[in-house]
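Novice: next one to model:
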Amino acid sequence: MGNKIHPKSVRLGYIQDWESKWFSLREMPALIGEDFKIRKEVRERFRLAAVSWVGIERAGSYLRVNIHTARPGVVIGKKGVDIEALRAKIEGMTKRKTYINVMEVKEPDLDARLVAEAIAMQLERRIAHRRAIKRAMERSMQAGALGIKVEVKGRLGGSEIARREWNREGRVPLHTFCADIDYGLVEAVTAMGLIGVKVWIFKKTYFAKSPGELLKQAVEEGRLPAEAPKPEAPAAAPAAAAQPAQTRSDKPFSMPELPASALAQLAGEEPRDDEKKDEE
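Specialist: I've put the predicted structure just below:
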């Protein structure tokens with residue numbers, strides 16, 4: 001399953017979210033085609049801007065495009081010229097009022113697509129694929145990744161026969177649905193043909209297995225202090241209000257002796273006459 005299915009497809013609605021947020025049964029084929037054209041236009045226009053992914057939201061006649069990039073300045077352009085040109089282009093394609101938001105990717109070394117793009121650009125400059133893979137994996141692990149796997153396919157090194165090579169560092173649990181795994185695929189255009197680059201990055205696990213791990217995660221995220229404060233001892237009561245302590249005797253408890261008439265009444269019998277005389 002982990003080798004044939006996109007890692008994000010089995011996690012949608014669980015720990016991953018959709019890149020396109022809209023719903024229309026009648027216009028679904030046309031809108032899917034529009035989304036494809038919008039993403040293609042953004043990637044071709046800002047190929048050197050390190051665009052990770054493009055989110056699209058629709059509401060009636062309005063359209064919102066969220067561009068996640070590691071270089072927001074390149075996307076915006078000087079005085080916003082580039083972003084305005086893109087907005088006009090998208091409005092002409094979709095006939096909708098368009099708003100564009102540019103969001104910065106703070107850690108590009110933990111983004112699978114950006115890591116794959118970096119490796120592909122090095123392959124296009126004829127850098128050895130093993131060297132490029134090793135550098136990318138080192139940067140990702142230093143950035144805080146729990147595991148990374150990189151795979152390249154094609155005529156590596158200009159060989160006559162295409163082959164596949166891959167390398168992995170750390171752990172990449174593709175079958176664990178609660179594991180946050182980012183996946184990216186990029187093609188490098190070389191003189192010998194296309195070389196595909198695939199990257200899997202294991203970032204974190206969303207659900208802890210024990211209360212101890214939950215507590216540790218809360219401390220690391222700063223939601224709880226490192227050491228919980230100890231409860232203060234209650235103040236001693238004043239001597240005037242103190243009650244005398246009750247003492248416990250170790251002697252066995254014994255019933256007092258009762259007269260015969262009382263014992264007879266308890267037993268339900270009337271005392272005899274001679275017993276009454278003795279009592280008198």
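
Novice: low-scoring stretches of the chain, by residue?
Specialist: Applying pLDDT under 70 to the chain flags the ranges 1-3, 208-210, 227-280.

Novice: where's the most centrally placed residue in it relative to residue 189, distance?
Specialist: Geometric centre of the chain, nearest residue: residue 206, 4.5 Å, by CA atoms, centre = their mean. Going from residue 206 to residue 189 by CB to CB, to the nearest Å gives 37 Å. Where you see a C-beta, it was placed from the backbone N, CA and C, and this is true even at glycine.

Novice: same thing with residue 67?
Specialist: Taking CB to CB, one finds residue 67 at 23 Å from residue 189.

Novice: those two: which is more packed in?
Specialist: A direct count of neighbours by other CB atoms under 10 Å for residue 67 and residue 189 places residue 67 higher, at 23 against 10.

Novice: what residues are up against the closest residue to residue 11 other than its chain neighbours?
Specialist: What sits nearest to residue 11 in space, not counting adjacent residues and going by CB to CB, 6 or more residues apart in numbering, is residue 177, at 6.0 Å. Residue 177 sits next to 10, 11, 14, 15 when contact means CB atoms under 8 Å, 6 or more residues apart in numbering.

Novice: can you rerun that using 10 Å?
Specialist: Residue 177 sits next to 7, 10, 11, 14, 15, 16, 206, 207 when contact means CB atoms under 10 Å, 6 or more residues apart in numbering.

Novice: and it, that one's in a strand?
Specialist: No. With DSSP: H, G, I helix; E, B strand; the rest coil as the criterion, residue 177 is coil rather than part of a strand.

Novice: got the phi/psi numbers for it?
Specialist: For residue 177, the backbone dihedrals (degrees, to the nearest 10) come out as phi -70, psi -30.

Novice: now it: how far from residue 14?
Specialist: Using CB to CB, residue 177 is found at 6 Å from residue 14.

Novice: okay, and the common contacts of those two?
Specialist: Residues touching both residue 177 and residue 14 by CB under 10 Å, 6+ apart: residue 206.

Novice: where do the strands of the stretch 51-200 of the chain begin and end?
Specialist: Remark: strands assigned in the stretch 51-200 of the chain by DSSP state E, counting those that start in this stretch are 51-59, 62-69, 97-104, 147-154, 163-170, 179-190, 193-205.

Novice: for the second one, which positions count as buried?
Specialist: Put plainly, it is strand 62-69. For strand 62-69, the neighbour count (16 or more other CB atoms under 10 Å) marks 63, 64, 65, 66, 67, 68, 69 as buried.
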